[in-house]
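Trainee: what's the 3D shape of this:
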Amino acid sequence: MLQGLTGWHLLAVLAVILLLFGAAKLPALAKSMGQSARVFKSEMKEMKRDDEVAAAPEAPRATDAGTAPSVAPEPRRSTDPTV
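Mentor: Model prediction:
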């Protein structure tokens with residue numbers, strides 16, 4: 001799909017982006033994209049961790065009252081740096 005692209009094509013695309021957004025807005029745009037990627041990556045890690053916890057076998061249930069240890073679930077921690 002991108003096999004015919006050369007360095008000149010990339011330079012033309014960058015020039016069009018510069019014309020559309022302006023030089024002053026490009027650093028803010030890059031920062032915003034980096035933050036979005038970071039949040040997306042952390043959410044994906046948290047979803048994988050949640051899936052692993054859900055797939056783990058549950059603690060054995062006791063037939064007699066009071067013989068099974070009670071374990072409280074850990075509270076979920078936010079990994080979003082803006083909170």
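Trainee: CA only for contacts and neighbour counts going forward, please
Mentor: OK.
Trainee: low-confidence ranges in this protein?
Mentor: Along the chain, the model assigns pLDDT under 70 to residues 1-2, 58-73, 76-78, 80-83.
Trainee: what's the burial count for Val13?
Mentor: Look at Val13: counted by other CA atoms under 10 Å, it has 12 neighbours.
Trainee: and what of the one 3 residues further on?
Mentor: Using other CA under 10 Å, Val16 has 12 other residues around it.
Trainee: which residues are in contact with the helix or strand it falls within?
Mentor: Applying DSSP states H and E as the criterion places Val16 in helix 7-21. Contact partners of helix 7-21, identified using CA atoms under 8 Å, 6 or more residues apart in numbering, comprise Leu26.
Trainee: Next SSE downstream of that helix?
Mentor: Downstream of helix 7-21, the next assigned helix or strand under DSSP H and E is helix 26-55.
Trainee: Give the buried residues for that next one.
Mentor: Neighbour counts over helix 26-55 (16 or more other CA atoms under 10 Å) mark Val39, Glu46 as buried.
Trainee: what angle sits between it and helix 7-21?
Mentor: When axes from the mean of the first three to the mean of the last three CA atoms, to 10 degrees is applied, the directions of helix 26-55 and helix 7-21 differ by 100 degrees.
Trainee: tell me what helix 26-55 is packed against?
Mentor: With contacts defined as 3 or more CA pairs under 8 Å, 6 or more residues apart in numbering; DSSP states H and E, helix 26-55 has no helix or strand neighbours.
Trainee: Could you rerun that using 10 Å?
Mentor: Using 3 or more CA pairs under 10 Å, 6 or more residues apart in numbering; DSSP states H and E, the elements in contact with helix 26-55 are helix 7-21.
Trainee: Dump the helix it packs on to PDB, keeping only the CA atoms.
Mentor: Extracted in PDB, the C-alpha atoms of helix 7-21 (Å, rounded to 0.1, in the frame of the first residue of the first chain):
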ATOM      1  CA  GLY A   7      11.100  10.900   0.900                       C
ATOM      2  CA  TRP A   8       9.600  13.600  -1.400                       C
ATOM      3  CA  HIS A   9       6.100  12.300  -0.700                       C
ATOM      4  CA  LEU A  10       6.700  12.500   3.000                       C
ATOM      5  CA  LEU A  11       8.100  16.000   2.700                       C
ATOM      6  CA  ALA A  12       5.000  17.100   0.700                       C
ATOM      7  CA  VAL A  13       2.700  15.600   3.300                       C
ATOM      8  CA  LEU A  14       4.600  17.400   6.100                       C
ATOM      9  CA  ALA A  15       4.300  20.700   4.200                       C
ATOM     10  CA  VAL A  16       0.600  20.300   3.800                       C
ATOM     11  CA  ILE A  17       0.200  19.500   7.600                       C
ATOM     12  CA  LEU A  18       2.300  22.600   8.400                       C
ATOM     13  CA  LEU A  19       0.100  24.700   6.100                       C
ATOM     14  CA  LEU A  20      -3.200  23.300   7.600                       C
ATOM     15  CA  PHE A  21      -2.300  23.600  11.300                       C
END
